[in-house]
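[1] this is a predicted model, with the sequence first.
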Amino acid sequence: MEISENGKRAIDAGMDPSEWEQRVQLACAFRINAHLGWEDAINTHTSMRLPGPEHHFLLNPFGLRFDEIRASDLVKVNQDGDVIGGQTDNPLNEAGFVIHSAIHMRREDAHCVLHTHTLPGMAVAAMQDGLLPISLFALGFHDSLSYHEFEGGSGKHNMAEQDRLAKSLGPANKAMIMRAHGLLTVGQTVAEAFVWMYRLNKACEVQVMTNGAAGAYVQASQQAAEYTAKATVDYITTYGTKGPGGEDFAAFMRLMDQKDPSFRD
């Protein structure tokens, strides 16, 4: 679609066109988040690291609902938590800065970090055994799901947690359950972080729905688990032809354009 007037003004004022495109995609992710019922009032956050050595990243401003966030609303933050681009009348979400900068600074491939407080995600995060291998969605995370122990609400009062957050996620996993807290996924693109969150949240939904059912859970074989993990990657990469989540995110982006394209402003 054509660049919005806000986008044209930003680019004319010196913004790199690639940054504007990332703003549009990130703003769209918030709209999708709201559409799927993942929002938690004005809480939780998604961030996108910008190109360059400065470790600058985009973050949603504190105080806006996800269904009203636009590309121009996103703030640019440096590694010290200072807002260096964009305007907001509200303070920076400290928990968002601590969690997201921890991952951005320590995982070069984690360009996008998506964090949610969905009810099924928080329910599974509260379970001692975590995510159970009882569904197609859950088995897609076979041998690739991280856990982070609860240290209380995140914020600048506990900056030391940043190292432990990054260590918990590890060098390669794309998804993590933050115990007693929620879910977190990462990706080289907004689309990749989104598709992993979509599938992780689905896995949690299935587990919560079956938790009260009578009878024993299905026990998948080791081979079935390995096949499902491989098939999941094949699916989200369109069998190796596109970046992870590209088709899924594009489909939801079309829906957001139909519902309300103001995220592009």
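    Yes, it's here. Residues are numbered from 1 along each chain as shown.
[2] check whether residue 62 really touches residue 90, as I assumed.
    Yes - using C-beta atoms under 8 Å, residue 62 is in contact with residue 90, at 4.5 Å. The C-beta positions use only the backbone N, C-alpha and C, and glycine is treated the same way.
[3] of the two, who's got more company?
    residue 62 (18 against 11; other C-beta atoms under 10 Å).
[4] might you list the low-confidence residue ranges for the stretch 51-200 of the chain?
    The model of the stretch 51-200 of the chain has pLDDT under 70 over residues 87-88.
[5] and the helices in it?
    Using DSSP state H, counting those that start in this stretch, the helices of the stretch 51-200 of the chain run over 94-106, 119-125, 136-139, 161-169, 190-210.
[6] so can I have TSV of those helices showing distance to residue 223 and mean neighbour count?
    TSV is the format used below for the helices of the stretch 51-200 of the chain (distance: least, C-beta to C-beta, whole Å; neighbours: other C-beta atoms under 10 Å):
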stretch	distance to residue 223	mean neighbour count
helix 94-106	33	22
helix 119-125	25	21
helix 136-139	11	20
helix 161-169	27	18
helix 190-210	19	23
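[7] any chance of TSV for these, columns distance to residue 34?
    Shown next, in TSV, are the helices of the stretch 51-200 of the chain (distance: least, C-beta to C-beta, whole Å):
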stretch	distance to residue 34
helix 94-106	17
helix 119-125	15
helix 136-139	21
helix 161-169	25
helix 190-210	13
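[8] wait, which of those is closest to residue 22?
    With respect to residue 22, and counting by C-beta to C-beta, the nearest of the helices of the stretch 51-200 of the chain is helix 190-210 at 7.5 Å.
[9] next SSE downstream of the closest one?
    Toward the C-terminus, helix 190-210 is succeeded by helix 222-236 as the next helix or strand (DSSP states H and E).
[10] now do that next one against helix 190-210, angle only.
    Between helix 222-236 and helix 190-210, the angle comes out at 140 degrees (axes from the mean of the first three to the mean of the last three C-alpha atoms, to 10 degrees).
[11] so how far is the helix or strand that helix 222-236 is followed by off the chain centroid?
    Following helix 222-236 in sequence order, the next helix or strand is helix 246-259 (DSSP H and E). Helix 246-259 has its C-alpha centroid displaced from the chain centroid by 16 Å (C-alpha atoms, centre = their mean, to the nearest Å).
[12] need the residues that contact helix 246-259.
    1, 25, 28-29, 31-32, 35, 189-191, 194-195, 198, 236-238, 263 (C-beta atoms under 8 Å, 6 or more residues apart in numbering).
[13] only whichever of the residues you listed are buried, select them in PyMOL.
    Only the buried entries of the contacts of helix 246-259 go into this PyMOL selection, using 16 or more other C-beta atoms under 10 Å:
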select buried, resi 25+28+29+31+32+35+189+190+191+194+195+198+236+237+263
